[in-house]
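[1] Take this sequence and fold it.
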Amino acid sequence: MGSAESSVCQLQSACENAEEKRDHGKMGNLVLENNGSGISDEIEVKDVSPIVHKVTEIVRNENGLLSMEERLENADVDYNEEVVEKVLKRCFKVPHLALRFFKWVKFSKGFQHTANTFNTMINIAREAKEFCLIEELAEEMGKNSCEKDIKTWTVLVSHYGKAKLIGKALLMFEEMKSAGVRPDAIAYRELLRAICNAGKADLALEFYKDMVHNEVKLDMASYKQLLKCFALCGDVAAVHFVGENMVRLSEIPEPHTYTLMLKSFCIAGRIKESLELIRDLKNKNIILDTGF
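    Numbering: from 1, shown residues only. Presented below is the predicted three-dimensional model:
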């Protein structure tokens, strides 16, 4: 009787603590080169901040007499990737103005948009929830023979994932690989997060196994999402499979791992599975870390 009461107390303690924590330069630097005489030459990197400030003021300030485009033309500025990217970032909260500048500057003499400037504009569009614009920008990159880099593909995967368009997110992931861009851990985690949030446990398990096969490391947030996804879907075997890998592959201490497993069962309301796990841990003399 005492043992049962102890298990219930442990379960209650773990469930009460079952809370998830959510995740949101170069200027002035010196380049040192050895000139062969043992003395380093100091080459000052050009400070573009005055130009960026000037252009940003033009873009953000309304003027009834002249349009933004006319004022930009009159400013007679030579644009490069660094200037354009920094101006766009300063216009993050005014996406419509950022887009007007983005469209205008591509016709500026001697300038051509790069993956970095496209990525910045795509991020602005994503923040503004301008989903059609994201697709237009991605399509424009192709038309301009501007290759998407890992950041571009990751943003697209994340964009479709957050919109719960899992099929499109998976398509972007496959197109990334077909384009010769190797997905990094961030891209994998973005897609895994989307799959878990959509409650697609079978797909999440398949994708997780692919990550293990490709030796992609998961962070703690990803493990928590996986455990919660499998627990909510009642896939107890998958919860234990992930838990075993947490200990074996990520070298997370057993008390931490089993505490997270128990919390996932509690969040999912799986009382039976929770009690069974506690009994199993008692038999193994493993003490839960309820403060983890």
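
[2] contacts, neighbours, all on C-alpha from now
    Will do.

[3] Just to be sure, Ala237 is in a strand?
    No: counting by DSSP: H, G, I helix; E, B strand; the rest coil, Ala237 is not part of a strand but helix.

[4] Show the pLDDT at it.
    Ala237 carries a pLDDT score of 95 in this model.

[5] isn't Ser264 right next to Ala231, touching?
    Yes: Ser264 is within contact range of Ala231, at 6.0 Å (criterion: C-alpha atoms under 8 Å).

[6] now for whichever strand or helix holds Lys282, which elements pack on it?
    Using DSSP states H and E, the element containing Lys282 is helix 271-283. For helix 271-283, the packing partners by 3 or more C-alpha pairs under 8 Å, 6 or more residues apart in numbering; DSSP states H and E come out as helix 2-16, helix 254-267.

[7] What angle do helix 254-267 and it make with each other?
    Helix 271-283 and helix 254-267 are oriented at 160 degrees to each other (axes from the mean of the first three to the mean of the last three C-alpha atoms, to 10 degrees).

[8] Just the C-alphas of helix 271-283, formatted as CSV.
    The C-alpha coordinates for helix 271-283 follow below in CSV (Å, rounded to 0.1, in the frame of the first residue of the first chain):
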residue,chain,number,x,y,z
ILE,A,271,-1.5,7.8,-16.1
LYS,A,272,-1.2,4.1,-16.6
GLU,A,273,2.0,4.4,-18.6
SER,A,274,3.3,6.9,-16.0
LEU,A,275,2.8,4.5,-13.1
GLU,A,276,4.4,1.6,-15.1
LEU,A,277,7.4,3.7,-15.8
ILE,A,278,7.8,4.7,-12.2
ARG,A,279,7.6,1.0,-11.1
ASP,A,280,10.2,0.1,-13.7
LEU,A,281,12.6,2.8,-12.5
LYS,A,282,12.2,1.7,-8.9
ASN,A,283,13.2,-1.8,-9.9
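
[9] Report how many residues lie close to Pro95.
    Neighbouring residues of Pro95 were enumerated by other C-alpha atoms under 10 Å; the total is 20.

[10] Would you agree it is in contact with Ile122?
    No: the criterion here is C-alpha under 8 Å, and Pro95 misses it with Ile122 at 10.2 Å.

[11] How about Met141: what's its closest non-neighbour residue?
    Distance criterion C-alpha to C-alpha, 6 or more residues apart in numbering; nearest residue to Met141, sequence neighbours excluded, is Glu147 at 6.7 Å.

[12] how about the one you found, phi and psi?
    Taking degrees, to the nearest 10, you get phi -70, psi 140 for the backbone angles of Glu147.

[13] do Ala128 as well
    phi -80, psi 0.

[14] Secondary structure class of Val181, three-state.
    Quick answer, by three-state DSSP: Val181 is coil.

[15] going forward can the numbers begin at 23, since that is how I track them
    Yes, from this point I'll number from 23; that puts the last item at Val203.

[16] In contact with the closest residue to it other than its chain neighbours, which residues are there?
    Spatially, and ignoring its direct neighbours in sequence, Val203 is nearest to Ile172 (6.5 Å; C-alpha to C-alpha, 6+ apart). By C-alpha atoms under 8 Å, 6 or more residues apart in numbering, the contact list for Ile172 reads 198, 203-206, 209.

[17] Please apply the same query to Val74.
    Contacts of Val74 by C-alpha under 8 Å, 6+ apart are 105-106, 108-109.

[18] and the residues you listed as CSV, adding pLDDT and secondary structure?
    Output for those, formatted as CSV (pLDDT from 0 to 100; DSSP: H, G, I helix; E, B strand; the rest coil):
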residue, pLDDT, secondary structure
Val105, 97, helix
Val106, 98, helix
Lys108, 97, helix
Val109, 98, helix
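
[19] Which stretches in the chain count as strands?
    52-56, 62-66 (DSSP state E).

[20] which stretch in those is the model least sure about?
    Looking across these, the weakest by mean pLDDT turns out to be strand 52-56, at a mean of 36.
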